[in-house]
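K.L.:
Return a 3D structure for these sequence lines:
(one chain, ligands or ions: 1)
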Amino acid sequence: MSAPAPAPPHAAAPTATGPSRLFSPARLGPLLLANRIVVAPMCQYSCEEGLAGDWHLMHIGQLALSGAGLFILEATAVTREGRITPGCLGLWNDEHEAALGRVLGVVRRHSEMPVGIQLAHAGRKGSSEVPWRGGMLIPPDPASLGGWVPVAPSALPHAEGEAAPATLDEAGLARIRQGFADAARRAHRIGIAAIELHSAHGYLLHQFLSPVSNRRIDRYGGSLANRMRFPLEVFEAVREAVPASVPVGVRLSATDWLEHLGTPSWDLEQSIAYAHALRERGVSFLHVSSGGISAQQKIPLGPGYQVHLAERLKRETGLPTIAVGLITEPEQAEAIVAEGRADFVALARALLFNPHWPWAAALKLGAQVNVPAQYWRAAPRGAAGLFGQAKIGMR
Ligand SMILES: Cc1cc2nc3c(=O)[nH]c(=O)nc-3n(C[C@H](O)[C@H](O)[C@H](O)COP(=O)(O)O)c2cc1C
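P.N.:
Predicted coordinates:
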């Protein structure tokens, strides 16, 4: 009798520490996710006039087969001037709704992964070139490049030497607030499962929060309560626009990383106050990022460099949190969730690099992941349970 073949290395891993927490189901507000891995929102800069097209079908399609628990669509502009670049996705009219609805209709025929959306307004960071063309401010004039005059809380440019944005008046604020609510309704009509407001990375809502970009002297500037007013109004408008079955969360920059300047900026303590105010208004989750308001930021980049911010916000508010930022290894992601530092982890670049990252993570952690039947034969030798009850027969 021949000796049994040695077990492949991954077969031993699973049960040493009990079942994986990363791959356990969890609630995001009213939504039940199959696991705690989230595809982070990622701009694709691939639209004309904000319309989703075939690139989106390919991009969303491939990541919808990744086995993650939730896909969050890229920053999606709620008004035309709220795009970051001329290539950004939009949802400011019914044509956008139809175009994105077509893409999601195809994706849903082949994937059960819930798809959320990040609703956004770029504020003074609008009218930028797409990153692979340098990402600089496009002046409004040359029609060929498609630039426009960006709007902001105050007439302060994002970078020195740039033209100043136009200051928003009350009518402008009302129009943008309405834009967020209308986009949320459109998103709901095409079956979007969760809404995330982009209140991070130096875009419009963050520009209101941070004293770096907000120098208003009306009720939207000055004190913390005043700086939070517009983002909170937008949250309320969006929360009211969609039924309670749709979770509405917020991605925030928990700090501007500008403490070294010794001048007023946005920091973790203010973020905690903001999170409490959002909680009172029914926020379903926080997605904790950082930075983006100023080129003078000093970010201590390293593995999981933002996790401590998510951890603190979770501890202070009890809200479900998503940690993000240089989470690249399955064991690292597992530890963040298992130690209760965050409820979910979001990945961006690691998932672009390997859209089947969750499959590899499940293999390493001895867990199970959903993959389409067409791919079941991919299960490595000795990992029969990786794809759940998958069974393959041929003659
Ligand atoms: C191609 C690309 C596009 C991105 N677009 C967005 C976006 O639309 N909205 C957003 O909040 N963050 C965006 N980000 C930031 C990511 O969501 C994420 O927070 C960041 O990349 C850190 O996570 P990572 O280390 O896993 O890449 C983008 C990142 C990349 C790489």
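K.L.:
Stretch 63-73 and the ligand, are they touching?
P.N.:
No. Stretch 63-73 lies apart from the ligand when judged by C-beta under 6 Å from any ligand atom; the minimum separation is 8.1 Å. C-beta coordinates here come from the backbone N, C-alpha and C atoms, glycine included.
K.L.:
ok, residue 152 touching residue 203?
P.N.:
No. Judged on C-beta atoms under 8 Å, residue 152 makes no contact with residue 203 at a distance of 10.1 Å.
K.L.:
Return every residue with contacts to both of the two.
P.N.:
residue 123 (C-beta atoms under 8 Å, 6 or more residues apart in numbering).
K.L.:
which parts of whichever strand or helix holds residue 97 are buried?
P.N.:
Using DSSP states H and E, residue 97 falls within helix 94-110. Using 16 or more other C-beta atoms under 10 Å as the test for burial, helix 94-110 gives 96-97, 99-101, 103-104, 107.
K.L.:
got those as a markdown table, with pLDDT and distance to residue 121 columns?
P.N.:
Formatted as a markdown table, those follow (pLDDT from 0 to 100; distance: C-beta to C-beta, whole Å):
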| residue | pLDDT | distance to residue 121 |
| --- | --- | --- |
| 96 | 98 | 15 |
| 97 | 98 | 18 |
| 99 | 98 | 20 |
| 100 | 98 | 17 |
| 101 | 98 | 22 |
| 103 | 98 | 22 |
| 104 | 98 | 22 |
| 107 | 98 | 25 |
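K.L.:
beta partners of residue 323?
P.N.:
Taking DSSP bridges as the rule, residue 323 bridges to residue 288, residue 345.
K.L.:
Contacts only, for it.
P.N.:
288, 304, 306-307, 310-311, 336, 341-342, 344-346.
K.L.:
Determine which two of the residues you listed are furthest apart.
P.N.:
311 and 346 (14.7 Å; C-beta to C-beta).
K.L.:
Same drill for the two, tell me which one is more crowded.
P.N.:
Ranked by neighbour count (other C-beta atoms under 10 Å), residue 311 and residue 346 place residue 346 first, with 26 against 18.
K.L.:
Who does residue 76 form a beta bridge with?
P.N.:
Under the criterion used (DSSP bridges), residue 76 bridges to residue 119.
K.L.:
Was I right to think it contacts residue 116?
P.N.:
No. Here residue 76 does not reach residue 116: they are 10.6 Å apart, not a contact under C-beta under 8 Å.
K.L.:
Those two - which one has more neighbours?
P.N.:
Using other C-beta under 10 Å as the criterion, residue 76 and residue 116 rank with residue 76 on top: 31 against 24.
K.L.:
Any figure for the gap between the more buried one and residue 373?
P.N.:
Residue 76 sits 31 Å away from residue 373, taking C-beta to C-beta, to the nearest Å as the criterion.
K.L.:
what sits against the residue nearest to residue 89 when sequence neighbours are not counted?
P.N.:
The shortest distance from residue 89 to any non-neighbouring residue, by C-beta to C-beta, 6 or more residues apart in numbering, is to residue 76 (4.6 Å). Contacts were defined as C-beta under 8 Å, 6+ apart; by that measure residue 76 touches 88-91, 117-120, 183, 187.
K.L.:
Filter those down to just the ones in helices.
P.N.:
The helices, defined by DSSP state H, take in 183, 187 from these.
K.L.:
Highest neighbour count among the contacts of residue 76?
P.N.:
Neighbour max across the contacts of residue 76 (other C-beta under 10 Å) = residue 120, 32 neighbours.
K.L.:
before we move on, the earlier item: for the helix holding residue 97, which outside residues touch it?
P.N.:
Applying C-beta under 8 Å, 6+ apart, the external contacts of helix 94-110 come out as 50-53, 56-57, 60-61, 64-65, 89-91, 115, 186, 189-192, 372.
K.L.:
quick one: buried residues of stretch 355-365?
P.N.:
By 16+ other C-beta under 10 Å, the buried positions in stretch 355-365 come out as 355-359, 361-365.
K.L.:
Which ones among these map onto helices?
P.N.:
Residues of those located in helices (DSSP H): 357-359, 361-365.
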